[in-house]
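A.B. asks: Compute the structure for the input listed below.
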Amino acid sequence: MAIKMPLTDDIRFDSKEVAQENDSSSTLHYLIWFRRDLRLHDNTALTVLCERANEKNAQVSAIFFCTPEQWRAHNTSLAQVDHIARTLPLLAQNLQEQLNIPLAVYVCDNFSDCTNAIIDICRTKNIDVVMANHEYEGNEIARDEQLTKQLAKNNIEFIRYHDQCILPPQSITTNDGSMYQVFTPFYKKWRHTLEVGELQIHHAHAIINHKNSALKLLTEKKSSEVSADTFEDIQELCKKVVIDYQQCLQRHASYQYINTESQLSHARNAYPASENAACQRLDAFIADDIDNYDVSRDVPSLQATSQLSAYLTIGAISPRLCYLKATEALQDFNKDNTNSFDASSENNSDNSSDNNDINRWISELAWRDFYRHVLDYKPELIRYQAYKHETDSKINWSYNKDDFTVWCQGKTGVPLVDAAMRCLNATGFMHNRLRMVTAMFLTKDLLIDWRWGERYFMQQLIDGDFASNNGGWQWSASTGTDSAPYFRIMNPFSQAKSHDADGIFIKTWLPELKNIPASILHSEDKMRKELAKGGKFASIDYPLPIVEHKAARQFAIAAFKGES
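C.D. replies: Just a heads-up that it's a prediction; the model follows:
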């Protein structure tokens, strides 16, 4: 049974296209607009456009907009901008070689300029159809709605498809049609829907009518417009975009203690660009690491997670492909497990044929969908609104800039928190468990507004994604859907003892603590004693904890109860 998914807005074949089809002297021209879907394989809009173009003997061109001003407004990290920039030339090459589609890259400061550019391109190049995949954030939705109205005036279709999620927003609802407020029942229905259905993977076919595949998309350049449409030119343009973006960020006070060159160098080594690199990483994870995921995923010193989030964020790999690869591995495990036991064995009932590791990773893919569904359900989240407004509004959040700065710099005196923050600043990435620990420390121990932390993470993370980042921060701050109960506050010292028992991660990022035994690092009382004046490690240049966790915890609980 096929899963019924609302893939697109209403598709129509208008009279303009039919008339051109019947006129042999006129050639139809379609435009695919890439956004956060920088891949060929399993790209919904691209696949449908290619199919329709070949049916109508149309030519196809592709476009991508670099939007530095909009990126800054959305706190897009330098590492992520660089990842996009490194991916685009390879995307252009693959589009041309595999699908006969030329890609043009424009630099437009903001979404308004993008809209104007597309309208200009459609007018001067006689574009008949524009296709793209949906984006779910507020500014992006407003941009697309405005463009739809403008193009409709010229009888040009603008069709969008759901592609970011494994199952699109509004497809998983309660029996009364409302959005699930809690993840577990959402996940159960999400999983059941996929198991009884048939998930479709899309395969785009090369464009037949490509005699003029070198057709230039670029219009006459305006003084404020920068663009490129060859592999070499796109590569050079993207390099310049990154350099300009980096220089702009370095002038901002938030980046004064960030070594952006070092951060970029690490990100480039850790995340090679291209759809092919993403697929290879998925295959390697499924083959080598997924069977230990459930336990190893919580150990930050191990490379035990998939490391695919940066690729999923820019759309260099399909979430559907990730899900299907994982379910194939699960099926193989169940088959092997079933065959390894005699059906008549008395102990057979004690051996589960399920795999907690693979199922755990699949649940992480579901969390990604869940937060996008939540954003679609509550679009006001994009405007710094809390999911639980009543909880958020009663908290007297702190806006202490000094406390926030030492948190950002990794100088709070709490080893696991500081190591995590210095890792983020140096690499553009943070382990998921550490995201929870650092976020809860900021919002509960320091009681600083979660919005500050949410913004800072977006500014640094190579995999920064609004829906997931916002969902994670509001979970930690107890203001979001299915959030942590306000009284469940992570102790960063016991978290270190549980997940970094030997202090390997801590000492990697805090080398000044390399000679301190882990037993001391994992105890706040011992840290205070041994680093204070007269203590065994008093000479070490590392601060005492900025707050006393037990007292901070009690204060936070009182605040959430409305007692402070």
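A.B. asks: Assign Met131 to helix, strand or coil.
C.D. replies: With DSSP: H, G, I helix; E, B strand; the rest coil as the basis, Met131 sits in strand.
A.B. asks: any idea how far it is from Lys125?
C.D. replies: Applying C-beta to C-beta, to the nearest Å, the value for Met131 to Lys125 is 15 Å. No exception for glycine: its C-beta is placed from N, CA and C like everyone else's.
A.B. asks: Which of these two has more residues huddled nearby?
C.D. replies: Neighbour totals were compared for Met131 and Lys125, and Met131 leads with 25 against 16 (other C-beta atoms under 10 Å).
A.B. asks: Would you mind measuring from the more buried one to Ala228?
C.D. replies: 22 Å.
A.B. asks: Ok, Thr427 next?
C.D. replies: 29 Å.
A.B. asks: Same question for Trp33, what's its three-state structure.
C.D. replies: Secondary structure state of Trp33, per three-state DSSP, is strand.
A.B. asks: what do you get for Ile159?
C.D. replies: At Ile159 the chain is in strand, as set by three-state DSSP.
A.B. asks: Please verify my assumption that it contacts Asp128.
C.D. replies: No. In this structure, Ile159 is not within contact of Asp128 by C-beta atoms under 8 Å, at 11.5 Å.
A.B. asks: Go ahead and confirm Trp509 touches Cys423.
C.D. replies: Yes. Under the criterion of C-beta under 8 Å, Trp509 makes contact with Cys423 at 5.0 Å.
A.B. asks: Ile63: what secondary structure?
C.D. replies: Look at Ile63: counting by three-state DSSP, its state is strand.
A.B. asks: Need the pLDDT of it.
C.D. replies: The model reports Ile63 with a pLDDT of 97.
A.B. asks: mind listing what it touches?
C.D. replies: For Ile63, the contact set (C-beta atoms under 8 Å, 6 or more residues apart in numbering) comprises Leu31, Ile32, Trp33, Phe34, Leu103, Ala104, Val105, Tyr106, Ile118, Ile121, Leu217.
A.B. asks: One more: Gln495?
C.D. replies: Counting by C-beta under 8 Å, 6+ apart, Gln495 touches Leu416, Arg433, Val437.
A.B. asks: Among these, which lie within helices?
C.D. replies: Among these, the members found in helices (DSSP state H) are Leu416, Arg433, Val437.
A.B. asks: so which of those comes closest to Ser171?
C.D. replies: Arg433 (29.9 Å; C-beta to C-beta).
A.B. asks: How many residues are close by that closest one?
C.D. replies: Neighbours around Arg433, by other C-beta under 10 Å: 20.
A.B. asks: OK, contacts around it?
C.D. replies: So Arg433 contacts Arg297, Asp298, Pro300, Gln495, His499 (C-beta under 8 Å, 6+ apart).
A.B. asks: so how far is Val182 from it?
C.D. replies: Taking C-beta to C-beta, one finds Arg433 at 21 Å from Val182.
A.B. asks: where's Gln459, which helix or strand?
C.D. replies: Using DSSP states H and E, Gln459 falls within helix 450-460.
A.B. asks: Met436 touches Pro492, doesn't it?
C.D. replies: No. Counting by C-beta under 8 Å, Met436 does not reach Pro492; the two are 10.4 Å apart.
A.B. asks: host element of the closest residue to His522 other than its chain neighbours?
C.D. replies: Counting by C-beta to C-beta, 6 or more residues apart in numbering, His522 lies nearest to Lys497, which is 3.9 Å off, once chain neighbours are set aside. Assigned by DSSP H and E, Lys497 belongs to helix 492-499.
A.B. asks: That helix: which residues count as buried?
C.D. replies: Residues Pro492, Phe493, Gln495, Ala496, Lys497, His499 are the ones in helix 492-499 that count as buried (16 or more other C-beta atoms under 10 Å).
A.B. asks: Show me which of these is closest to Glu524.
C.D. replies: Ranked by distance to Glu524 (C-beta to C-beta), the buried residues of helix 492-499 are led by Phe493 at 5.0 Å.
A.B. asks: Before we move on, what's the pLDDT of the closest one?
C.D. replies: 98.
A.B. asks: can you count the residues close to the closest residue to it other than its chain neighbours?
C.D. replies: Distances taken as C-beta to C-beta, 6+ apart place Glu524 nearest to Phe493, at 5.0 Å, with adjacent residues excluded. A count of nearby residues for Glu524, using other C-beta under 10 Å, gives 21.
A.B. asks: residues touching Glu524, list them.
C.D. replies: If you count contacts by C-beta under 8 Å, 6+ apart, Glu524 has them with Val414, Phe493, Pro545, Glu548, His549.
A.B. asks: Please name the residues that touch the fourth one.
C.D. replies: Glu548 is in contact with Glu524, counting by C-beta under 8 Å, 6+ apart.
A.B. asks: Hmm, Arg488 and Phe560 touching each other?
C.D. replies: No. In this structure Phe560 lies outside contact range of Arg488 using C-beta under 8 Å: 10.8 Å.
A.B. asks: Between the two, which is the more surrounded one?
C.D. replies: Phe560 (21 against 11).
A.B. asks: That one and Asp403, how far apart?
C.D. replies: From Phe560 to Asp403 the distance is 19 Å (C-beta to C-beta).
A.B. asks: go on, Thr87?
C.D. replies: 37 Å.
A.B. asks: Who has more neighbours out of those two?
C.D. replies: The neighbour count for Thr87 versus Asp403, taken as other C-beta under 10 Å, is higher for Thr87 (26 against 18).
A.B. asks: Name the secondary structure element that contains the more buried one.
C.D. replies: Following DSSP H and E, one finds Thr87 within helix 78-99.
A.B. asks: can you give me the mean pLDDT across that helix?
C.D. replies: The average pLDDT within helix 78-99 is 97.
A.B. asks: now that helix against helix 450-460, angle please.
C.D. replies: 50 degrees (axes from the mean of the first three to the mean of the last three C-alpha atoms, to 10 degrees).
A.B. asks: Could you list every helix and strand that the helix or strand following helix 78-99 packs against?
C.D. replies: Remark: after helix 78-99, the chain's next helix or strand is strand 103-107, criterion DSSP H and E. Strand 103-107 sits against strand 59-66, helix 78-99, strand 226-228, helix 231-250, with contacts defined as 3 or more C-beta pairs under 8 Å, 6 or more residues apart in numbering; DSSP states H and E.
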